[in-house]
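Enquirer: Need coordinates for the following:
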Amino acid sequence: MGFLFVVIYWLILSSLIGFCLLRKHILLSLLSLESCSMGLLMLILLYLSYESSESYFYLVYLIFIVCEGVLGLCLLVSLMRGEGNDYVYGLEILC
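Expert: Numbering: from 1, shown residues only. Now for the predicted structure:
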C-alpha cells in the first residue's frame, strides 16, 4: 500500500504544479484542478477503506467535484462566447 500512497501523492503534487505553471488557459487550469480533486478522492477512498468508517463521505465529496467542474465549464463557455478565447487575462472583464 505504500506504493499506492506515493502514486496518489505524486498525482496531487503534479496537478498542483501544473496548475501553477499552466495559468495561461482556463481549460488547462480546470483540468489540473480536476486531476487534483481525483487524487484527493482516491486518497479519501483509501483512508476510508482503512478506517472502515462512514463511507458516504466520498459521495458528498464527489458531488462537490462535479459541481466545481460544471461551474468551471459554464465560466469557460460564457467567456468563449463573449471574448472568443480562453485566456485567463480575459477574466478581468467578468469582475
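
Enquirer: quick one: low-confidence ranges for the protein?
Expert: 1, 53, 90-95 (pLDDT under 70).

Enquirer: The same query, at a cut-off of 90, please.
Expert: Residue ranges of the chain with pLDDT under 90: 1-6, 8, 19-31, 33, 41, 43-62, 68-69, 72-73, 75-95.

Enquirer: just the strands in it please.
Expert: Ranges of strands within the chain: none, based on DSSP state E.

Enquirer: So which residues of it form helices?
Expert: Ranges of helices in the chain, per DSSP state H, are 2-21, 26-51, 57-83.

Enquirer: Kindly present the ones you listed as JSON lines, with separate columns for distance to Tyr89 and mean neighbour count.
Expert: C-betas here are computed from N, CA, C, even on glycine. JSON lines is the format used below for the helices of the chain (distance: least, Cβ to Cβ, whole Å; neighbours: other Cβ atoms under 10 Å):
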{"stretch": "helix 2-21", "distance to Tyr89": "16", "mean neighbour count": "13"}
{"stretch": "helix 26-51", "distance to Tyr89": "10", "mean neighbour count": "16"}
{"stretch": "helix 57-83", "distance to Tyr89": "10", "mean neighbour count": "13"}
